[in-house]
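Asks: Sequence unavailable; structure follows:
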């Protein structure tokens, strides 16, 4: 205890003195450092320094004859000094202290050619003062140009070296921004203290905007000549003259410039993105790159440009290749024919040659697809057991055998349809014995889906398909007949024929008294003619939308069918009719579950049209019903689909973040006043539609972010947050959004996330997660995913709904036995197919309330996916469009934009003979240079031309 007082420590008072000593020491070392540095100068550096100081003295003397040689010598010294990348060139370092003096001297000289040269040198020296005197380099550069007599020309900016040009370009951008938006737009330099602020004010930059543009053009020319294409594009973006880059590029640089600009499009706000695309298009046409130009025109959705590009090439084989591209994008054939108003003489050669029409209408798709199946070894039909592999499931046998056999048969219908799609040889439907067809193993509405599955089994094969379906159209069973109508529509999806069979067979039944037949005919037409913009269908389907006497179901599905046919057209007549219907229908009709499909039909008209939907959005705001909010979100996200528009995503996140607790409080207040039953009903109605819009907002985030990897990854994190903190309706929609954002693209993080959600305690979330797993793995045969689904089948063996969904997901994963994908992007994931987006969105829309649609009588809505289904193959053809096997390398696509040299565009490749299957993120390139492809991306159908300069290796060795 005695030692306790020793803990009192007295604070010594010498501390501050020691600090002072340390500071003094520091100052000493600093002073020494300066001396040391001077002493350290090598002999030649010291010589250079004295020479430079002597030259500066010369400029201060009165003898004007010495000025010119002194300036010339200064210029030579600065230009010839080489420096390492990390240090400042020696002359600039030694002249830095003299810069303020030289500036004062410059002001005293009279205007002359010498003064112009002096300004040019000061412009280079100003680089070292950019932190205290902003835009000095640019100011002296422009002064130098203005002081020259008109006869002589100022030296190129490039003559001072790359760093100077980059400095100049940066200052050009700043100056331009200041002239457009005022001083506040550009942050002050870091070194500029408040007291010094007035110093930079008196030095305004001379010259007009035109002078800035001209200097920008000079800098850009230098950049383009020195492999710095991105810098040139960035400078033009800052100066707002991107369209002028087309005149500067040459055969060596245009490819890299376009590739970089293409990557920027996603990151630009409208309308800059469209300007960029139009500039890229102009450059490609300039160098006769027709497939690339046509690809850009399709992205712009500009009928006139598409027609111009298609007719620009005189080579008939090139036109066939372009026709394949147009058929893949499902561009209406009518767009390629000049309208009478534009070209009165067009009628004479209005019809395309037979072979080009074949390519445009996709008529050969079925034949090639079946051949491809044989080549890859998947032509034989698969049975349900081949897909389920139930002997690997972990269930206790005997329990799940007959839980719900009608439900199990219905699931079998879809699995069989998706797995054997397009091969036309499945055992359950197409090749079933007379009388023992699978149709009769289903009940009522199940028969409709079963009969419709014929259309999927015979997909794209219009000749054989119709004769198979025909026998079901005479069935006495109404449901079977309806299924046959829908099958007729599915069969013709994405294929155009001379006979127009779908229209001929289904048109008369649109007015049928029987509801199932009417719906089947309407949706059959919608799917068969998706994206064709056919005016004759408008007259057929529009009356049902406007007719108040028909049920909301028929009106909404007619609107949806029109949305499919006129996807991305912005058709005014349909828009006004749907808007009018939404205004005039009573609240009870709008409250029905079908309202969302009416809104979707309207939204599909605006797919990819960006700001063109503004007027419609304003009109929707006037509708006094919760459906107006749902429709607004849908129209907005469809307009900005795959643009990565950040502001729209933020707006949608705000909507998702609205917890509807405020409503609950209002409810409690009302129930406290008087517990009336009517009140309760009203509240329920208030609340029900009020949160559907949040579901659409979640899907909207995925819609806007898809098609661009960075945006998609960022949205994944948002979905994670929403899953943690969102209301039930939001949690239910997140898995669907994940399925939409990576359709047919099974990445591990997505699979793991969905696997977690598929065991959620809320069965609605689990159900949607299981379906999303099907979407994400659609047509990939992903083994890991198949294993997950088998485990889920065991996990949910007592939950008929979830088990039904697991089966369907298994069918989707093995879609087309692994040859058909549903990703809406093609051509190196650059071009978005609008009908594919429509089909995906319509299917997912049915899952926003699965209990009311897919798990009820409307399971046939799963067939909406047909518009997005397309074979994932690469088939090489010779010039007569016959299959021509060549060796290709297939690997993961690598983004090489902006990289120097010619880096590899694929990694981890394998070499195959064509035809080959390509995954969503894979890319192919020809293994030898024996053939030259007509297409710019090896995907789908590619026509090859023999390379005239190629010789076989063995002949070369001889």
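Replies: Yep, it's here. Remember, it's a predicted structure, so these values are computed and weren't measured experimentally.
Asks: and after the lowest-mean-pLDDT helix or strand in the chain, which helix or strand comes next?
Replies: Among the helices and strands of the chain, helix 197-200 carries the lowest confidence by mean pLDDT, DSSP states H and E, at a mean of 45. Using DSSP states H and E, the helix or strand that directly follows helix 197-200 along the chain is helix 209-225.
Asks: Now for the nearest residue to residue 780 once chain neighbours are set aside, how many residues are close by?
Replies: Closest residue in space to residue 780, ignoring its immediate chain neighbours: residue 746 at 5.5 Å, by Cβ to Cβ, 6 or more residues apart in numbering. The way it works is simple: take the backbone N, C-alpha and C, and place the C-beta from them, glycine included. For residue 746, the neighbour count with other Cβ atoms under 10 Å is 22.
Asks: and what of residue 574?
Replies: By other Cβ under 10 Å, neighbour count at residue 574 equals 23.
Asks: Ok, residue 155 next?
Replies: Residue 155 has 12 nearby residues by other Cβ under 10 Å.
Asks: isn't it right next to residue 121, touching?
Replies: No. The criterion here is Cβ atoms under 8 Å, and residue 155 misses it with residue 121 at 10.8 Å.
Asks: How about residue 785, nearest residue that isn't a chain neighbour?
Replies: residue 777 (4.2 Å).
Asks: Which residues lie in contact with that neighbour in this structure?
Replies: With contacts defined as Cβ atoms under 8 Å, 6 or more residues apart in numbering, residue 777 is in contact with 744, 746, 751, 785, 786, 809, 812, 813.
Asks: ok, now residue 242?
Replies: 233, 236, 261, 272, 275, 276, 279.
Asks: closest to residue 98 among the residues you listed?
Replies: Nearest to residue 98, judged by Cβ to Cβ, of the contacts of residue 242 is residue 236 at 35.9 Å.
Asks: Check for me that the closest one belongs to a strand.
Replies: No. Counting by DSSP: H, G, I helix; E, B strand; the rest coil, residue 236 is not found in a strand; it is helix.
Asks: picking up where we left off before, specify the local secondary structure of the residue nearest to residue 780.
Replies: On the basis of three-state DSSP, residue 746 is classed as coil.
Asks: Quick check: it vs residue 775, distance?
Replies: 10 Å (Cβ to Cβ, to the nearest Å).
Asks: and what of residue 76?
Replies: Distance from residue 76 to residue 775, by Cβ to Cβ: 68 Å.
Asks: Looking at the two, which one has more neighbours?
Replies: Taking other Cβ under 10 Å, residue 76 and residue 775 do not tie; residue 775 has more neighbours (30 against 11).
Asks: now that one, nearest residue through space, not along the chain?
Replies: residue 739 (3.6 Å).
Asks: Could you say which helix or strand holds the one you found?
Replies: Short version, using DSSP H and E: residue 739 is in helix 728-741.
Asks: Which elements pack onto that helix?
Replies: Contact partners of helix 728-741 among helices and strands, from 3 or more Cβ pairs under 8 Å, 6 or more residues apart in numbering; DSSP states H and E: helix 677-705, helix 709-725, helix 748-757, helix 763-776, helix 834-847.
Asks: Which neighbouring elements make contact with the shortest one?
Replies: Where contact means 3+ Cβ pairs under 8 Å, 6+ apart, helix 748-757 is packed against helix 709-725, helix 728-741, helix 763-776, helix 783-795.
Asks: how does it look with 6 Å?
Replies: Packing partners of helix 748-757 (3 or more Cβ pairs under 6 Å, 6 or more residues apart in numbering; DSSP states H and E): helix 763-776.
Asks: The helix it packs on - what's its average pLDDT?
Replies: Averaged across helix 763-776, pLDDT comes to 96.
Asks: relative to helix 709-725, how tilted is it?
Replies: 160 degrees (axes from the mean of the first three to the mean of the last three Cα atoms, to 10 degrees).
Asks: What are the buried residues along helix 763-776?
Replies: Of the residues in helix 763-776, 764-776 count as buried by neighbour count, 16 or more other Cβ atoms under 10 Å.
Asks: Give me the most central residue, this protein.
Replies: residue 707 (2.8 Å; Cα atoms, centre = their mean).
Asks: Now it, what are its backbone angles?
Replies: Dihedral pair for residue 707: phi 90, psi 0, per degrees, to the nearest 10.
Asks: That one: what's it in contact with?
Replies: By Cβ atoms under 6 Å, 6 or more residues apart in numbering, the contact set of residue 707 is 642, 825.
Asks: hmm, try it at 8 Å
Replies: Going by Cβ under 8 Å, 6+ apart, the list of residues near residue 707 reads 266, 642, 644, 824, 825, 829, 832.
Asks: cool, residue 77 as well?
Replies: Per Cβ under 8 Å, 6+ apart, neighbours of residue 77: 48, 51, 52, 55, 91.
Asks: and the second one, that one's in a helix?
Replies: Pointing back at residue 51 there. Yes. Assessed with three-state DSSP, residue 51 lies in a helix.
Asks: Which residue comes closest to it once chain neighbours are left out?
Replies: Nearest one to residue 51, counting by Cβ to Cβ, 6+ apart, is residue 77 at 7.4 Å.
Asks: What is the three-state secondary structure of the one you found?
Replies: helix.
Asks: measure it to residue 48 for me?
Replies: For residue 77 relative to residue 48 (Cβ to Cβ), the value is 7 Å.
Asks: And the strands in this protein?
Replies: Using DSSP state E, the strands found in the chain span residues 820-821, 825-826, 831-832, 870-871, 873-877, 887-893, 906-913, 916-917, 922-926, 931-933, 940-946.
Asks: Any chance of a markdown table for those, columns mean pLDDT?
Replies: Output for the strands of the chain, formatted as a markdown table (pLDDT from 0 to 100):
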| stretch | mean pLDDT |
| --- | --- |
| strand 820-821 | 94 |
| strand 825-826 | 94 |
| strand 831-832 | 94 |
| strand 870-871 | 94 |
| strand 873-877 | 94 |
| strand 887-893 | 94 |
| strand 906-913 | 90 |
| strand 916-917 | 94 |
| strand 922-926 | 93 |
| strand 931-933 | 94 |
| strand 940-946 | 94 |
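Asks: To residue 559, which of the ones you listed lies closest?
Replies: strand 831-832 (22.5 Å).
Asks: Tell me which strands that closest one pairs with, and in which orientation.
Replies: strand 825-826 (antiparallel) (DSSP bridges).
Asks: Just give me the neighbour total for residue 754.
Replies: Residue 754 has 28 nearby residues by other Cβ under 10 Å.
Asks: Same question for residue 922.
Replies: 18.
Asks: beta partners of it?
Replies: Going by DSSP bridges, residue 922 forms beta bridges with residue 892.
Asks: quick one on the thing from earlier: with pLDDT and distance to residue 500 as extra columns, can I get the contacts of residue 777 in a markdown table?
Replies: As requested, the contacts of residue 777 are exported to a markdown table (pLDDT from 0 to 100; distance: Cβ to Cβ, whole Å):
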| residue | pLDDT | distance to residue 500 |
| --- | --- | --- |
| 744 | 93 | 30 |
| 746 | 93 | 38 |
| 751 | 95 | 42 |
| 785 | 95 | 39 |
| 786 | 94 | 40 |
| 809 | 96 | 35 |
| 812 | 96 | 30 |
| 813 | 95 | 35 |
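Asks: ok, these vs residue 244, which is closest?
Replies: residue 744 (40.2 Å).
Asks: what residues are up against that closest one?
Replies: 775, 776, 777, 778, 779, 780, 821, 822, 823, 872, 920.
Asks: For the second one, give its distance to residue 769.
Replies: This means residue 776. Residue 776 is 10 Å from residue 769, by Cβ to Cβ.
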